[in-house]
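In: output the structure for:
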Amino acid sequence: MMLTTGQLRDTLATVLDLVEREGSFDYRLIGTAADLLRGVPLQPADVDFLVRTRAEIDTFARALAAFRCLTPPTWLDCGGQYYAAYEVDGVEVDASTVETPTESGFIEARGSGPWTHFREIEMGERSIKAVAPELRLATELSRDRQDKAALIARWLHDHGHDAALLTNALDAHGIAADARAPVLAIIAG
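Out: Sure thing, here's the model as predicted:
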């Protein structure tokens, strides 16, 4: 299922209301859901939350226990993360820690990057903490998803960006100059 903006907003409201009633949940919205929420015309297939602690994954699981469990809280050795996923009104919603170390503060889902570089997006009476779009763009380029990177670049062109943050994120992923050039040209307009 590909999410619309309305479905995403409804899902976020449901999940965050339930989780916040259950306990502490310091999160960042990451992945393409973060892009869609800010207005990038992408269609995410799921909603991804990054949290700091395993206890917050357990809180997430308790809060969503009434929904279909896709993956109970589990350590994923291959990804170096504690992870849980649920289906909330037909939408896959997951939360994870990412515990593989990095010295970089400019990676979307590892290290200090998502906790330092994020934007709050107003959604009704709530603000959603979403990872910075500059970090998202670097992630998409690192995954060789030029089409998604181009859409994020167009959004950055239209809404502004932090050039130093983008450069640092691209450097953190080791994105070569030839891979950077097309998206930087879009941003420059």
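
In: mind checking pLDDT for residue 78?
Out: Per-residue pLDDT puts residue 78 at 87.

In: cool, residue 23 as well?
Out: For residue 23, pLDDT reads 88.

In: give me the number of residues near the nearest residue to residue 40 once chain neighbours are set aside?
Out: Closest residue to residue 40 apart from its sequence neighbours, by Cβ to Cβ, 6 or more residues apart in numbering: residue 155 at 4.5 Å. In short, each C-beta sits where N, CA and C put it, glycine included. Using other Cβ atoms under 10 Å, residue 155 is surrounded by 22 other residues.

In: run through the residues that contact residue 155.
Out: The contact partners of residue 155, by Cβ atoms under 8 Å, 6 or more residues apart in numbering, come to 35, 38, 39, 40, 133.

In: so how far is residue 59 from the last one?
Out: By that I understand residue 133. Distance of residue 133 to residue 59, computed by Cβ to Cβ, to the nearest Å: 27 Å.

In: between these two, which is the more surrounded one?
Out: residue 133 (27 against 23).

In: what's the neighbour count on residue 78?
Out: Residue 78 has 5 nearby residues by other Cβ under 10 Å.

In: regarding this protein, what is its longest helix?
Out: helix 5-22 (DSSP state H).

In: give the contact list for residue 10.
Out: Here residue 10 is in contact with residue 89 (criterion: Cβ under 8 Å, 6+ apart).

In: okay, it: pLDDT?
Out: Confidence score, pLDDT, at residue 10: 97.

In: also the one 10 residues further on?
Out: In this model, residue 20 is scored at 94, pLDDT.

In: which of the contacts of residue 155 count as buried?
Out: 35, 38, 40, 133 (16 or more other Cβ atoms under 10 Å).

In: in terms of distance to residue 151, which of these ranks first?
Out: residue 40 (5.5 Å; Cβ to Cβ).

In: output the below-cut-off pLDDT ranges for the protein.
Out: For the chain, no stretch has pLDDT under 70.

In: quick one: the helices in it?
Out: So, for the chain - with DSSP H - the helices run 5-22, 31-38, 54-63, 113-116, 133-142, 146-159, 163-172, 177-188.

In: redo those as a markdown table? Include distance to residue 77.
Out: Below are the helices of the chain laid out as a markdown table (distance: least, Cβ to Cβ, whole Å):
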| stretch | distance to residue 77 |
| --- | --- |
| helix 5-22 | 25 |
| helix 31-38 | 21 |
| helix 54-63 | 14 |
| helix 113-116 | 22 |
| helix 133-142 | 22 |
| helix 146-159 | 28 |
| helix 163-172 | 24 |
| helix 177-188 | 30 |
